[in-house]
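> Could you work out the structure for the sequence below:
(one chain, ligands or ions: 2)
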Amino acid sequence: MPNHGDWQLGIYFDGLVGKVPELPMSYGELERRAEQVMPPELWSYVAGGAGDERTQNANVTAFERWGLMPRMLAGAAERDLSTELFGRRLPTPLMLAPVGVIGLCDLAEGRGDLVTARAAAATGVPMIASTLSQDPMEDVARELGDTPGWFQLYPPNDPELTESLVRRAEAAGYSAIVVTLDTLTLGWRPRDLSLASFPQLKGQCLANYFSDPVFRSRLAVPPEEDPEAATGHWAMIFGNQRLTWDDLAWLRSLTSLPVLLKGICSPEDARRAVDGGVDGLYCSNHGGRQANGGLPALDCLPEVVDAAGEVPVVFDSGVRGAPDVVKALALGARAVAVGRPYSYGLAVGGQAGVEHVLRCLLAELDLTLAIDGYASTASLTRGDLRPVR
Ligand SMILES: Cc1cc2nc3c(=O)[nH]c(=O)nc-3n(C[C@H](O)[C@H](O)[C@H](O)COP(=O)(O)O)c2cc1C
Ligand SMILES: O=C(O)C(=O)c1ccccc1
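Numbers count the residues shown, from 1 in each chain. Ligands and ions are numbered 1, 2, ... in the order given. Okay, the predicted model is just below:
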């Protein structure tokens, strides 16, 4: 595992000495290349968001309102990017957010969950594996090796199936359960609606369901024989809009693994979650894909962090470069995840593309700390930021 400044090795020094990279060096270029290579339905699904995408765009521009104060002669010759979560030291504060169609972003084989897990293993960046994967969670976990994997749970409208998914995640070796609460039903997504395309309704990315004994027991015939009926059943049970805070104790009781709630943007919810015994909060608005017209997720982060007290907060939504990672950490996040950036990396360059996106983010993160005089990511505080006027 690289340490202290080694993040710049390779990508940065290659670029300085005349080795022109094949993969994009900016997010804008990455996005353009992804649009060129991805089938239109997949591109729309990944790139698109809720409504007119105001919240999705605001997630990105929210970062422009903060600037890091540079400090000179601060003794940051060696930087420590590590962070601690649930008693485990991670080499960097970066994580791979759960992306339900990541399987399909491997354009060649449709094995993107496995490929992403290999990229996680190669970089040490933990992967949060989605419930909606093309390959079963057990196969994804095997690819991760020693790199931590968390399982993201969409709690279905079938308690026994929920329990089964959690049991399987424990048995497969995932080290935390992330319960996503902002997607108990699918958002209003004009891009997908106008293409009349939704991958899961074509039976894609449902491997965790189709391989599950409880799910299978609900069907008259196995999914292999009648995938349409199995997909229809999935559509019936996917989300449980009737979940309330009263169900948290039950969710919590399903596992002794750390439990995080994803989609927490309000300080009141953060307090309820902490009072309910969760181990972590995940401040996110699903990359602006679920509800439009809300606050940028970054604007919610400080209040969620304050309400969380000692409970760690993971953040995502709108992170496009290393300065964004710095800002989210300074506002109190313990770890910061990206969704679309690595999805595009996968589409454009396979495993090497995911690794490239992560290594670029980490090299730039390390350099930003070096230049601005911060010896560690963990020591960043709100006082290091100023509002941009
Ligand atoms: C194509 C796509 C699929 C997603 N699928 C899931 C999912 O299965 N589970 C989940 O909790 N979040 C899912 N998300 C949300 C991400 O985990 C994350 O919150 C979001 O992508 C962060 O915003 P960003 O894309 O701006 O980095 C998905 C996001 C995208 C772009
Ligand atoms: O596309 C998504 O963001 C997602 O996570 C999802 C998947 C299935 C149903 C609803 C939302």
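> so where's the protein shaky on pLDDT?
Scanning the chain for pLDDT under 70 picks out the ranges 1-5.
> Report the central residue of it.
For the chain, Ala97 is the residue whose C-alpha lies nearest the centre (C-alpha atoms, centre = their mean; 1.0 Å).
> What residues of stretch 89-100 count as buried?
By 16 or more other C-beta atoms under 10 Å, the buried positions in stretch 89-100 come out as 90-100. Where you see a C-beta, it was placed from the backbone N, CA and C, and this is true even at glycine.
> Output it as PDB, restricted to C-alpha atoms.
This file holds the C-alpha atoms of stretch 89-100, laid out as PDB (Å, rounded to 0.1, in the frame of the first residue of the first chain):
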ATOM      1  CA  ARG A  89      -7.500   2.100   9.700                       C
ATOM      2  CA  LEU A  90      -8.000   2.700   6.000                       C
ATOM      3  CA  PRO A  91      -5.200   4.000   3.900                       C
ATOM      4  CA  THR A  92      -7.200   6.800   2.400                       C
ATOM      5  CA  PRO A  93     -10.600   8.600   3.100                       C
ATOM      6  CA  LEU A  94     -11.900   7.600  -0.300                       C
ATOM      7  CA  MET A  95     -14.600   5.000  -1.000                       C
ATOM      8  CA  LEU A  96     -16.500   3.600  -3.900                       C
ATOM      9  CA  ALA A  97     -20.200   4.500  -3.500                       C
ATOM     10  CA  PRO A  98     -22.700   1.800  -4.300                       C
ATOM     11  CA  VAL A  99     -23.700   2.000  -7.900                       C
ATOM     12  CA  GLY A 100     -26.500  -0.400  -8.900                       C
END
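> Okay, buried residues for stretch 171-178 please.
Result for stretch 171-178 [16+ other C-beta under 10 Å]: buried residues 172, 174-178.
> Does ligand 1 have contacts with that stretch?
No: remark: stretch 171-178 sits outside contact range of ligand 1, by C-beta under 6 Å from any ligand atom, the gap being at least 6.8 Å.
> That stretch close to ligand 2?
No: Stretch 171-178 is not in contact with ligand 2 by C-beta under 6 Å from any ligand atom; minimum separation 12.1 Å.
> Can you give the contact residues for that stretch?
Applying C-beta atoms under 8 Å, 6 or more residues apart in numbering, the external contacts of stretch 171-178 come out as 86, 88, 98, 128-129, 137-138, 140-141, 144, 148-153, 166, 169, 254-255, 257-262, 279-280, 282.
> So which of those reach ligand 1?
Among the contacts of stretch 171-178, the residues lying close to ligand 1 (C-beta under 6 Å from any ligand atom) are 98, 152, 262.
> which one of the residues you listed is nearest Gly67?
For these, the closest approach to Gly67 (C-beta to C-beta) belongs to Lys262, at 28.2 Å.
> Please give me every residue in contact with the closest one.
Going by C-beta under 8 Å, 6+ apart, Lys262 touches 152, 178-182, 282, 284, 314.
> The same query, at a cut-off of 7 Å, please.
The contact partners of Lys262, taken as C-beta atoms under 7 Å, 6 or more residues apart in numbering, are 178-181, 282, 284.
> So which of the buried residues of stretch 89-100 belong to strands?
Among these, DSSP state E puts 90, 94-96 in strands.
> right, and out of those residues, which lies closest to ligand 1?
Leu96 (8.9 Å; C-beta to the nearest ligand atom).
> can you pull the contacts of the closest residue to that closest one other than its chain neighbours?
Excluding the flanking residues, the one nearest Leu96 by C-beta to C-beta, 6 or more residues apart in numbering is Met127, at 4.5 Å. Counting by C-beta under 7 Å, 6+ apart, Met127 touches 96, 116-117, 120, 144, 149.
> Ramachandran coordinates for Met127?
Dihedral angles of Met127 (phi, psi; degrees, to the nearest 10) stand at phi -110, psi 140.
> and whichever residue of the stretch 151-300 of the chain sits closest to ligand 1, how many neighbours does it have?
Per C-beta to the nearest ligand atom, Gly287 is where the stretch 151-300 of the chain lies closest to ligand 1, at 2.7 Å. If you count neighbours by other C-beta atoms under 10 Å, Gly287 ends up with 24.
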